[in-house]
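# Got a sequence here, can you build the structure:
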Amino acid sequence: MTVQVKLFASLAASQGWRDKAVAHRAAMSVHDTWREAAGGAALPPRVLCARNHEYCRLDTPVADGDEVAFFPPVTGG
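Numbers count the residues shown, from 1 in each chain. Sure, this is the predicted structure:
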């Protein structure tokens, strides 16, 4: 049972990976998924997250087979 984790832009650069499968545990949240994938590293501030291509909160539950993505803050002009 796994969850696929994807990182984008500066998050991928700082962690040294873009795509990783992590073991799914019961009652796992998006934030728990970050901790597992990042080896316990703190989640940077203002990061956006999505579960199965829909933006979500860090306390959103994650199920086996889900995809969780993390995006750094984005600015534009």
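
# tell me what the helix or strand bottoming out on mean pLDDT in the chain is packed against?
Ranked by mean pLDDT, DSSP states H and E, the weakest helix or strand in the chain is helix 9-15, scoring a mean of 93. Applying 3 or more Cβ pairs under 8 Å, 6 or more residues apart in numbering; DSSP states H and E, one finds that helix 9-15 contacts strand 67-71. Every C-beta, even on glycine, is put in place using the N, C-alpha and C of the backbone.

# residues in contact with the strand or helix carrying residue 3?
According to DSSP states H and E, residue 3 maps onto strand 2-7. Residues from elsewhere that reach strand 2-7, judged by Cβ atoms under 8 Å, 6 or more residues apart in numbering: 15, 17-24, 28, 33-34, 37, 62, 64-70.

# mean confidence score for that strand?
On average, the pLDDT along strand 2-7 is 98.
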